[in-house]
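Visitor: Let's see this in three dimensions:
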Amino acid sequence: MFIHETKVKVRYAETDQMGVVHHGNYALYYEIARTECFEACSGITYESMEAAGVMLPLLELQSKFLKPALYNQVLTVKCIVRDLPTVRLNVEYEIYNEKEELINIGKTVLVFVDKNSRRPCHPPVNFMKGVKKHFKA
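Guide: Residues are numbered from 1 along each chain as shown. Below is the predicted model of the structure:
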């Protein structure tokens, strides 16, 4: 398992007239945190993975809203990966406000896909080498 935290500041455009983050923005927060998590853990960017012929589209997205996130708050998005990626990559998320209150939980399932055939494939070897270095049983 490994855990990575990313800070995200809520921008005005992400909120409604009451200053509450619109629910659709949580998927963006997950993606920001997931991208930073895997770049930090594997040393591989999405861009370089795609250039090597592997894409990582989203298969599933779940989100549960516990408390509202508000304009100008700095949120902590925690990515939790419990199992090493195979063809699928399962990531859990916890989002905390500045008071360290848990305000959202979520989960995504992504699939490694060959860019040309559009068929599922295994993660790139260099990606997995980096991930395994940070993985704790």
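
Visitor: Tell me which other helices or strands the lengthiest helix in the chain touches.
Guide: Determined from DSSP state H, the single longest helix within the chain is helix 25-42. In terms of contacts (3 or more CB pairs under 8 Å, 6 or more residues apart in numbering; DSSP states H and E), helix 25-42 is packed against strand 2-9, strand 58-65, strand 74-81, strand 88-96, strand 102-111, helix 125-134. In this view, the C-beta of every residue, glycine as well, is placed from N, C-alpha and C.

Visitor: after it comes which helix or strand?
Guide: helix 46-51 (DSSP states H and E).

Visitor: burial of residue 6, as a residue count?
Guide: 20 (other CB atoms under 10 Å).

Visitor: quick one, phi psi at residue 117?
Guide: Per-residue torsions, residue 117: phi -90, psi -20 (degrees, to the nearest 10).

Visitor: For it, give its distance to residue 61.
Guide: From residue 117 across to residue 61, the span is 24 Å (CB to CB, to the nearest Å).

Visitor: And residue 33, by the same measure?
Guide: 14 Å.

Visitor: Looking at those two, which has the bigger crowd around it?
Guide: Neighbours per residue (other CB under 10 Å) separate residue 33 from residue 61, with residue 33 holding more: 24 against 14.

Visitor: And the pLDDT for the closest residue to residue 64 other than its chain neighbours?
Guide: Nearest residue to residue 64 in three dimensions, chain neighbours excluded: residue 105, at 5.0 Å (CB to CB, 6 or more residues apart in numbering). pLDDT, residue 105: 98.
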